[in-house]
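In: For reference, the sequence and a predicted model appear below.
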Amino acid sequence: MSKMTVLAARQPAAIGSQVLIQGWVRTRRDSKGGFSFIEINDGSCMANLQIIADADLENYESEITRLTAGCSISVSGEIKESGGKQATEILAAKVEIHGWADPDEYPLQKKRHSFEKLREWAHLRPRTNTFGAVARVRNRICKSIHDFYQDRGFLYVHTPIITASDCEGAGEMFRVSTLDPANAPRNDEGGIDYTQDFFDRPSFLTVSGQLEAEIYATALGNVYTFGPTFRAENSNTSRHLAEFWMVEPEMAFCDLDGNMDLAEAFLKQIFSDVLEDCAEDMAFFNQHIDDTVLETLQGIVKSEFTRLSYSEAVDILIASEQKFDHQVEWGCDLQSEHERYLTEQHFSGPVILYDYPCTIKPFYMRVNDDGKTVRAMDVLVPKVGEIIGGSQREERLDVLEDRMRQQDLDPAEYWWYTDLRKYGTVPHAGFGLGLERTVQFVTGMQNIRDVIPFPRTPGSAEF
């Protein structure tokens, strides 16, 4: 007798096998004919597996007829062809109960719970259909990310979680310190003396692994980093988290065109893999969450991404005479409403914008010959807007240092970064993709807090 997942046991090829199935009870109903139907799920797939437990089983009256939602069990028996909607079912030879769930206390009863309420039960919500499906899709996306870059010869580099560098220059960083805030040492100016702190300087949780990834790209070619990043941004919105995961490829000897090519291929690979390998879960999202997710993903996989400059996009937005909440003019940072207009109404498909004003972009982006724009790119998709942001990096030392000073950064504090421009500098480029926004886009889930197992947001660090 072999242990088998519910996913495998549901396949017609499994009929006739003697198996062990383990999972959690979803429902139980008793028949007048002297047996019970038990629906069991182990998280391997969306659907349950039906167990037929005969009254002849030794613990039928004492235990099986007391099973309720949430109980954990092991079932040994033979997989039979089912006469119902499912292909298979199990005729139980033995049912062992591992853990009970008091029906008067177990929160996940048959009634429908709001996603907001389920966030209070983050330790139990993976047992629901929706959050089980989210977890499987998220897992498949992560596998696709690694497969995509590994198949192309990229090296997976682990960049630091704790850093003294602010990649984005926005200052929205979580401080890391061992100093006692109630009795912090002071310097001669009355400020906190960070020379007595653990790292001998102000240190933070990283907002991006890009700068460190550039180090490895300029030595080893093509690399990518994939890990948690942090933003101390006090935003209580459906699109923001304080802790989220990001994948960031960085390519040596690559320009903006190569960057755009890779980003387009990357998204198409992720969406193709999810459509193929998570068909049951995606059908669930299409039916219960957003009835356009399948059509949207299929359309992106088949489409050619429109590429146009920021300036062209601004002209289109102004000419549209659309009433936006935020006024559009050259030099403004485009908002989600502008990006969605371009993707959903004007082009009806994904768009890559490039050559943004240098005044709204970070110091590390390569300045164009016009001196006004940088070789930045944003990949926009319907319903979300920006899903990827990246650029060709500034490889010229003098220009990089000038850009740093323009943004009130001291080049000396980034001495190791500027060294890369002194010793064998090369054109290079990269981008970042937020995992949670990608999962949110793929599944159609409305709130980003519902696509990460344990969301970290302002005022909330439960679990």
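Out: Received the coordinates, thanks. The structure displayed is predicted, hence computed values, not measured ones. Numbers count the residues shown, from 1 in each chain.

In: The lengthiest strand in the chain pairs with which strands?
Out: Across the chain, the strand with the greatest residue count (assigned by DSSP state E) is strand 18-31. The strands that strand 18-31 pairs with in its sheet are strand 2-3 (parallel), strand 35-41 (antiparallel), strand 72-81 (antiparallel) (by DSSP bridges).

In: Can you identify each of the helices in the stretch 51-200 of the chain by residue range?
Out: In the stretch 51-200 of the chain, the segments counted as helices under DSSP state H, counting those that start in this stretch are 115-119, 129-151.

In: Using a markdown table, please lay out those together with distance to Gln407.
Out: In short, each C-beta sits where N, CA and C put it, glycine included. Conversion of the helices of the stretch 51-200 of the chain to a markdown table gives the following (distance: least, Cβ to Cβ, whole Å):
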| stretch | distance to Gln407 |
| --- | --- |
| helix 115-119 | 37 |
| helix 129-151 | 30 |
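
In: In terms of mean pLDDT, which of these ranks lowest?
Out: Ranked by mean pLDDT, the helices of the stretch 51-200 of the chain bottom out at helix 115-119, which scores a mean of 94.

In: Extract the CA atoms of the longest strand of the chain and return them as PDB.
Out: Backbone C-alpha positions of strand 18-31 (Å, rounded to 0.1, in the frame of the first residue of the first chain) are rendered in PDB as follows:
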ATOM      1  CA  GLN A  18      -4.500   0.100  -2.600                       C
ATOM      2  CA  VAL A  19      -3.500   3.500  -1.100                       C
ATOM      3  CA  LEU A  20      -3.100   5.600   2.000                       C
ATOM      4  CA  ILE A  21      -4.700   9.000   1.800                       C
ATOM      5  CA  GLN A  22      -4.100  11.700   4.500                       C
ATOM      6  CA  GLY A  23      -5.800  15.000   4.900                       C
ATOM      7  CA  TRP A  24      -8.500  17.100   6.500                       C
ATOM      8  CA  VAL A  25     -12.200  16.500   6.400                       C
ATOM      9  CA  ARG A  26     -14.300  19.000   4.500                       C
ATOM     10  CA  THR A  27     -17.700  17.300   5.000                       C
ATOM     11  CA  ARG A  28     -19.400  14.100   6.200                       C
ATOM     12  CA  ARG A  29     -22.900  12.800   5.500                       C
ATOM     13  CA  ASP A  30     -24.400   9.600   6.600                       C
ATOM     14  CA  SER A  31     -26.500   7.300   4.400                       C
END
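
In: Pull out the buried positions in stretch 402-414.
Out: By neighbour count with 16 or more other Cβ atoms under 10 Å, stretch 402-414 contains the buried residues Arg403, Met404, Leu409, Pro411, Tyr414.

In: Contacts for it next, please.
Out: The set of residues external to stretch 402-414 that reach it, using Cβ atoms under 8 Å, 6 or more residues apart in numbering, is 164-165, 169, 211, 358, 362-364, 367, 394, 400-401, 418.

In: Turn the buried residues of stretch 402-414 into CSV, including distance to Leu256, pLDDT and secondary structure.
Out: As requested, the buried residues of stretch 402-414 are exported to CSV (distance: Cβ to Cβ, whole Å; pLDDT from 0 to 100; DSSP: H, G, I helix; E, B strand; the rest coil):
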residue, distance to Leu256, pLDDT, secondary structure
Arg403, 17, 96, helix
Met404, 21, 95, helix
Leu409, 23, 91, coil
Pro411, 24, 95, helix
Tyr414, 23, 93, helix
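
In: Among the residues you listed, which one lies nearest to Cys45?
Out: Among these, Tyr414 lies closest to Cys45 (Cβ to Cβ), at 48.8 Å.

In: Specify the angle between the longest strand of the chain and helix 129-151 in degrees.
Out: Using axes from the mean of the first three to the mean of the last three Cα atoms, to 10 degrees, the inter-axis angle of strand 18-31 relative to helix 129-151 is 160 degrees.

In: Mind listing residues that contact strand 18-31?
Out: For strand 18-31, contacts defined as Cβ under 8 Å, 6+ apart pick out 1-6, 9, 36-43, 48-49, 51, 64-65, 67-79, 90, 101, 127.

In: Let's test this: mean pLDDT of that strand, rounded?
Out: Averaging pLDDT along strand 18-31 gives 96.

In: ok, now stretch 153-169?
Out: According to the model, stretch 153-169 has a mean pLDDT of 88.

In: what does that stretch contact?
Out: Counting by Cβ under 8 Å, 6+ apart, stretch 153-169 makes contact with 146, 149-150, 173, 176, 199, 201-213, 216, 220-228, 249, 362-364, 407, 409, 413-414, 417, all of which sit outside it.

In: Now, those that are in strands?
Out: When the contacts of stretch 153-169 are checked against strands (DSSP E), the matches are Val176, Ser203, Phe204, Leu205, Asn222, Val223, Tyr224, Thr225, Phe226, Gly227, Pro228, Pro249.

In: And those residues, which of them are buried?
Out: Neighbour-count burial within these applies to Val176, Ser203, Phe204, Leu205, Asn222, Val223, Tyr224, Thr225, Phe226, Gly227, Pro249; the criterion is 16+ other Cβ under 10 Å.

In: Tell me the one of the residues you listed nearest Gly385?
Out: The shortest distance between Gly385 and any of these, using Cβ to Cβ, involves Pro249 and amounts to 21.0 Å.

In: Tell me where the stretch 251-400 of the chain has strands.
Out: Defined through DSSP state E, counting those that start in this stretch, the strands belonging to the stretch 251-400 of the chain, from first to last, are 306-309, 351-357, 373-381, 385-392.

In: okay, the angle between the last one and strand 373-381?
Out: In other words, strand 385-392. Angle of strand 385-392 versus strand 373-381, following the same axes, to 10 degrees, is 150 degrees.

In: mind listing what Ala9 touches?
Out: For Ala9, the set of contacting residues under the criterion of Cβ under 8 Å, 6+ apart consists of Ser17, Val19, Ile21, Leu49, Ile79, Thr88, Ile90.

In: separation between it and Ser82?
Out: 11 Å (Cβ to Cβ, to the nearest Å).

In: ok, back up a step: deepest-packed of the helices of the stretch 51-200 of the chain, please.
Out: helix 129-151 (a mean of 18; mean count of other Cβ atoms under 10 Å).

In: Please verify my assumption that Ser203 contacts Asp197.
Out: Yes. Ser203 is within contact range of Asp197, at 7.3 Å (criterion: Cβ atoms under 8 Å).

In: still on that earlier bit, overlap in contacts of Ala9 and Ser82?
Out: Thr88.

In: can you give me how far the longest strand of the chain is from the chain middle?
Out: 32 Å (Cα atoms, centre = their mean, to the nearest Å).

In: Kindly report the same for stretch 268-284.
Out: On the basis of Cα atoms, centre = their mean, stretch 268-284 is displaced by 15 Å from the centre of the chain it belongs to.

In: gap between the two ends of it?
Out: This stretch, stretch 268-284, spans 21 Å end to end (Cα to Cα, to the nearest Å).

In: List the contacts of it.
Out: Counting by Cβ under 8 Å, 6+ apart, stretch 268-284 makes contact with 45-47, 129-130, 133, 136-137, 140-141, 143-145, 147-148, 293-294, 297-298, 300-301, 438, 442-443, all of which sit outside it.

In: rerun at 7 Å
Out: Contact partners of stretch 268-284, identified using Cβ atoms under 7 Å, 6 or more residues apart in numbering, comprise 45-47, 129, 133, 136-137, 140-141, 144, 148, 293-294, 297-298, 300-301, 438, 442.
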